[in-house]
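Peer 1: the sequence and its predicted three-dimensional model are supplied below.
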Number of protein chains: 2
Amino acid sequence: MEYPKEIENFLKKKKIEVGDLIEIRKKDGKILKGILMPRIELGNKNSLIIKLENGYNLGIDWEEILEIEKIEKIWKLKKEKEVKEDKIEFRKDFKWISILSTGGTIASKIDYRSGGVYASFSAKEIVQQIPDLKEIANLKVKQIMQKMSEDMLPEDWKIIAKEVAKEINDGKEGVIVTHGTDTLHFTSAALSFMLQNLTKPVALVGSQRSSDRGSSDAVMNVSCAANFLVNSDVAEVLVIMHGSINDDYCFAIRGTKVRKMHTSRRDAFRPINDLPIAKIYWKTKKIEILNENYRKKREGKVKVDDKLEEKVALIKVYPGFEPKIFDFYIKEGYKGFVIEGTGLGHVPTFSKKSIIPKIENAINSGIPIVITSQCLYGKTHPTIYHNLRELYKRGVIFVEDMLPEVAYVKLMWVLGHTKKMEKIKELMQKNIAGEISEKLKLETFLY
Amino acid sequence: MEYPKEIENFLKKKKIEVGDLIEIRKKDGKILKGILMPRIELGNKNSLIIKLENGYNLGIDWEEILEIEKIEKIWKLKKEKEVKEDKIEFRKDFKWISILSTGGTIASKIDYRSGGVYASFSAKEIVQQIPDLKEIANLKVKQIMQKMSEDMLPEDWKIIAKEVAKEINDGKEGVIVTHGTDTLHFTSAALSFMLQNLTKPVALVGSQRSSDRGSSDAVMNVSCAANFLVNSDVAEVLVIMHGSINDDYCFAIRGTKVRKMHTSRRDAFRPINDLPIAKIYWKTKKIEILNENYRKKREGKVKVDDKLEEKVALIKVYPGFEPKIFDFYIKEGYKGFVIEGTGLGHVPTFSKKSIIPKIENAINSGIPIVITSQCLYGKTHPTIYHNLRELYKRGVIFVEDMLPEVAYVKLMWVLGHTKKMEKIKELMQKNIAGEISEKLKLETFLY
C-alpha cells in the first residue's frame, strides 16, 4: 500500500522510507516522533501513519504537517537482507526469554504475501514496538515461520514444538510464541501434548489487531506474557492475551482449556470449563494466581514427543447430518474420529439418519470414536440418557469436558503412539496436560 | 425401573401405582403429599420418589415411612389408552394457549422407549406438574411427536411449524412447544423462517433435567413461557428457559440468536450477539423488556412456508481438514455448503490443504458457499485480511454475525425457494427473522 504521489515524492526527496524513525512538526506547533508505517488499506489516504513509542499507531493528516525530519532507520526493507534471528542483552543480571514468531496478525505489519514493504525480525524492532521488554528480560527473537494461522497444519506444530524445546533446553526462562489467532488454540493444545517434561513456561500470544494498525493489542499481550514467564513459577503451555476489552490485564489460560470465542474482540480467548491460571496486570505488572493447580518450574530437559497420526477427522453432527461421511473418511484411510455431539454427547440414534451403524462399523474396524460436545461448556456423559447408553455400549470413548478441538489434537497424538483400542481409550480418558478437569469449574469467565 | 420387591409388594396390596397421588405419613410424624414416581435409575433403591405440588421431586427413605394412603389417580399407565390431546378451561375470561409436546427431556418422565411406566399427555397431568398454569391461561395440550431432539430431522421442523400455525390461526394467544434441548436451537431457527406473518408468540421450551427427576427446571420454564405469551405484546419465535442457574428468572431469546452453550446447566441457552428480548421473573411474574426491537402481536393469519432443500451440509474447517470432503458431498448431490470458518471467516487458503480450489469448483457448479465463524461470537468480515479477500472474490457469501447453525437452516430454506446464485446471496444476506444483527451487541449475556 503506497501513499499518494504527492506524499511519496516528498518522502523520496527527504530520503525517508517506511521503517524510519521520524520527527513531525505540525502546523499547530506540536512535535511528534515515531516510526513511519505503510499506509493502511482502509484508512484516510492522506494520513501519514506513525508508530509512537508506546506502540500505538497514529494517523496524521497530511494537511496538518509542516515539516518532517528523519532521525534513524529502525526497520529494514525486504529488499535488504532479512534478519531472522537476533538478540539483545539489556542487563547482565536479567534472565533470557525467547520470542519465536510464526506469523499471523501479530507479525503482519504488512500483508506478508503482497511483496510490499516488510520489516525484518530484529530485536531492536521488537523492542521499539514493545518497550516494556527492556525492563523485564534479555531478549532473543527468531522468526521460525511466516504463516497466517488458518494455513497452519499439524506438521507446523512439530516445528514449533522443536524450536520451543531448543530454546528452553538452551537455558531460557520461558518462550513466547507469537501466532495468528484463528487456530492458536489448536497449536496450544498440540504443544501441551508434545512438550513432555516441560520445565519452563511457554506462552502462545496473538493479536486481534494487526501490529501496523492503531491500537494493536500485541504490545500489551507480549508485555504481559514476558512478565509472567519471568516473574511466576508456572511452567505450562499457556495462552496469554487480553482478559477484558480494556488494556488493563491479560489472562494466562491453560493451553488445553482455551478457545477463540469472538471474531474480533481483544478478549476473544476464553477459558472453557476452567479458571485462568493467572491474571496479569499490564501497567503495574502485578500477577494474581487464580488457579493454584498448575505445573511448577523445575530443572531438567524438555523432550519433544511429536508423533502424530494425521488421518483423524473432527465431525460435527446436527439434524440432517449425512451418515455416509464416515464411509468416505474410512475409504480415505482415516484412523480415528472425534465427534462433536449435541448436548451431553448425543448423535442421531433412532432416526432414519442414525449414525449408530456407522459407529459400529468404525469401531469394529479398529477405528476409535471419541465423543465431545458442541456446547463447548460442561461435560459429556455416557449414561444419563438411553441414547447415550446406545453409544456407550458400542465402545465409543467419552472424554468428560475435553474441548472438541483439543480431543482432535489429542487423538492424533495418541494414535501416533498406539493403535490398540484399549490403550487409546485409556490415554484419551487420562488427564495428560490439564485437558480433563478433575472438578468442573462452573464459574467460567466469559463475556 | 421398578422398586425393590418389598416395596412393590406393599404398594400392590394398597393398590397404589406409579402416577397416583398419595399421602405419606413418616415415622417422625410429618405428612407429605405427592404423585408416586417411578424409581430413578441412579438414585437410592430404597427411596420412594414423589412429585410434590410445587413440581419438585423428593426421595423418601423406605425406612422412614410409617404409612401410605392413595388419594386419587393422576397419571395413567401406558397400558391404558394414551391421551394425546386434551384441554382445560380455568376461567371464562382467560385467553387460551397451547402446549405442543415433541418429546425430549421435558416430556421424558421415563425413558419413553423402554416400555416402562409412562404417563399420557393429559391437561390434568400437565397442570399437576405446573400448577402456575391455572392462574395464567386456559390450556390446550397436544402431543405432536415423541422424539429426543438429537433424532429430529428437518422434516420434523415442518410438522411442528404446521401444528403451531394451526393453533395460532385457531385463536390461541401463543404456543409453547416443548422440545428436547440438544437441537432446540435448530428448530427455533427453522420455525423463525417457516412461520411467515407471525401474529402471536411461539416459545420453544426445554428442560435440562428430566421431569421425573428432583428439581426439574421444566416447571419454571413452562410457567415463565406461559406468562410471557399471555402478558407481553411480543410475537416472535423465542426460546424461553432459565436465565441463571437459580430458579429466579427466564430469558426470552430470539429463535435465531440462541445456542445451547452448556451440556447440563439450566441456563444453557444463551443469546449470541444479541440481547435477550425479555427477562421473565418466575415468582413475581414480572416481565422486563431488554431489547425493544421486536415484532409485535397483530391480527391476521400465520402462513407456513416450509419448503426446504435438505441437501445442505454444515462444514467446520480446522488445521488438517480434508479438502476432498467437498467432492464427496457434491457427488452425493449436495446443493449448498455452510462453512464454519476460523476467526473472521477464514479457511485453509495457502497451505497444501487449501480448500480454495474446492470452493471455486463448487461455486462454478452453482453451489453456494456461506461463510460463518466457529468463534460463534462476533461477526465475519469479507475483506479485512488478504486471505478473506481470496475467498470473497471467488463469490462466497459472508453473512455477518449469523450463527453457523442458523445459516445452515436458512440456506436449506433459501434453496427451497430459489437456485439462482444472485437471489440466494441476496436472501442469505437479508435479515429475515432477526438472524443478522443490525448493530452487534457486545454486552452479550453469558456465564
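Peer 2: Thanks, I have it. Residues are numbered from 1 along each chain as shown, chains lettered A, B, ... in the order given.
Peer 1: wait, a strand at A:Asp267?
Peer 2: No: read with DSSP: H, G, I helix; E, B strand; the rest coil, A:Asp267 is coil and lies in no strand.
Peer 1: gap between the residue of the stretch 301-447 of chain A found nearest chain B and B:Arg266?
Peer 2: Among the residues of the stretch 301-447 of chain A, A:Gly378 lies nearest to chain B; the distance is 3.2 Å by Cβ to the nearest Cβ. Backbone N, C-alpha and C define where each C-beta goes, glycine included. Using Cβ to Cβ, to the nearest Å, A:Gly378 is found at 11 Å from B:Arg266.
Peer 1: tell me where the stretch 51-200 of chain A has strands.
Peer 2: A:57-61, A:65-73, A:85-88, A:96-101, A:138-143, A:174-178, A:195-196 (DSSP state E, counting those that start in this stretch).
Peer 1: domain ranges for chain A, per the record?
Peer 2: Domains of chain A are assigned by automatic domain parsing as A:5-73, A:85-304, A:312-429.
Peer 1: measure the second one end to end?
Peer 2: In domain A:85-304, first residue to last residue: 22 Å (Cα to Cα, to the nearest Å).
Peer 1: would that domain count as contacting chain B?
Peer 2: Yes: legend: contact between domain A:85-304 and chain B by Cβ under 8 Å from any Cβ of the partner chain is shown at A:105, A:111, A:113-114, A:147-154, A:156-157, A:181-183, A:186-187, A:245, A:260-265, A:268.
Peer 1: narrow those to those in helices?
Peer 2: A:154, A:156-157, A:186-187 (DSSP state H).
Peer 1: name only those of the residues of domain A:85-304 next to chain B that count as buried.
Peer 2: Neighbour counting by 16 or more other Cβ atoms under 10 Å in any protein chain shown classes A:105, A:111, A:147-154, A:156-157, A:181-183, A:186-187, A:260-265, A:268 among the residues of domain A:85-304 next to chain B as buried.
Peer 1: who are the neighbours in contact with A:Met412?
Peer 2: Applying Cβ atoms under 8 Å, 6 or more residues apart in numbering or on different chains, we find A:Met412 in contact with A:154, A:308-310, A:312, A:336, B:320.
Peer 1: lowest-pLDDT helix or strand in chain A?
Peer 2: Least confident helix or strand, chain A: helix A:123-129 with a mean of 80, by mean pLDDT, DSSP states H and E.
Peer 1: now for it, which elements pack on it?
Peer 2: Packing contacts for helix A:123-129, counted by 3 or more Cβ pairs under 8 Å, 6 or more residues apart in numbering or on different chains; DSSP states H and E, involve strand A:85-88, strand A:138-143.
Peer 1: and those strands, which is most packed in?
Peer 2: Comparing these by mean neighbour count (mean count of other Cβ atoms under 10 Å in any protein chain shown), strand A:138-143 ranks first with a mean of 22.
Peer 1: avg pLDDT for it?
Peer 2: Average pLDDT, strand A:138-143: 93.
Peer 1: again with stretch A:330-337
Peer 2: Mean predicted confidence for stretch A:330-337 is 98.
Peer 1: and it, anywhere near chain B?
Peer 2: Yes: legend: contact between stretch A:330-337 and chain B by Cβ under 8 Å from any Cβ is shown at A:Glu332.
Peer 1: quick one: contacts for the residue in the stretch 1-150 of chain A positioned nearest to chain B?
Peer 2: In the stretch 1-150 of chain A, no residue comes nearer to chain B than A:Glu150, which is 3.7 Å away by Cβ to the nearest Cβ. The contact partners of A:Glu150, taken as Cβ under 8 Å, 6+ apart, are A:180, A:182-183, B:317, B:341-343, B:346-349, B:387.
Peer 1: for it, which non-adjacent residue is closest in space?
Peer 2: B:His346 (3.7 Å; Cβ to Cβ, 6 or more residues apart in numbering or on different chains).
Peer 1: hang on, the earlier thing: looking at the strands of the stretch 51-200 of chain A, which one is packed in the most?
Peer 2: The stretch of those with the highest mean neighbour count (mean count of other Cβ under 10 Å) is strand A:174-178, at a mean of 28.
Peer 1: now that one against strand A:96-101, angle please.
Peer 2: Inter-element angle recorded for strand A:174-178 and strand A:96-101: 20 degrees (by axes from the mean of the first three to the mean of the last three Cα atoms, to 10 degrees).
Peer 1: who touches strand A:174-178?
Peer 2: A:97-102, A:104, A:106-107, A:160, A:164, A:167-168, A:187, A:191, A:200-207, A:218, A:222, A:225-226, A:228-230.
Peer 1: for the residue in the stretch 151-300 of chain A that chain B sits nearest to, report the pLDDT, please.
Peer 2: Closest residue of the stretch 151-300 of chain A to chain B, Cβ to the nearest Cβ: A:Thr263 (3.2 Å). In this model, A:Thr263 is scored at 94, pLDDT.
Peer 1: likewise for the one 5 residues further on?
Peer 2: What the model reports as pLDDT for A:Ala268 is 95.
Peer 1: residues contacting it?
Peer 2: A:181, A:208, A:241-242, A:260-262, B:375, B:377-378.
Peer 1: name the nearest residue to it, sequence neighbours excluded.
Peer 2: Closest to A:Ala268 by Cβ to Cβ, 6+ apart is A:His262, at 4.0 Å.
Peer 1: got the contact list for the nearest residue in space to A:Pro357 that is not next to it in sequence?
Peer 2: Leaving aside its chain neighbours, A:Pro357 sits nearest to A:Pro323 (7.5 Å; criterion: Cβ to Cβ, 6+ apart). With contacts defined as Cβ under 8 Å, 6+ apart, A:Pro323 is in contact with A:348, A:353-355, A:357-358.
Peer 1: cool, and A:Glu426?
Peer 2: Going by Cβ under 8 Å, 6+ apart, the list of residues near A:Glu426 is empty.
Peer 1: at 10 Å instead, please
Peer 2: A:397, A:414, A:418, A:420 (Cβ atoms under 10 Å, 6 or more residues apart in numbering or on different chains).
Peer 1: what does A:Pro276 give?
Peer 2: With the criterion set at Cβ under 10 Å, 6+ apart, A:Pro276 makes contact with A:238-240, A:243, A:249-254, A:257-258, A:269-270, A:288-291, A:444-445.
Peer 1: one more pass at 8 Å, please.
Peer 2: Contacts of A:Pro276 (Cβ under 8 Å, 6+ apart): A:243, A:251-253, A:290-291, A:445.
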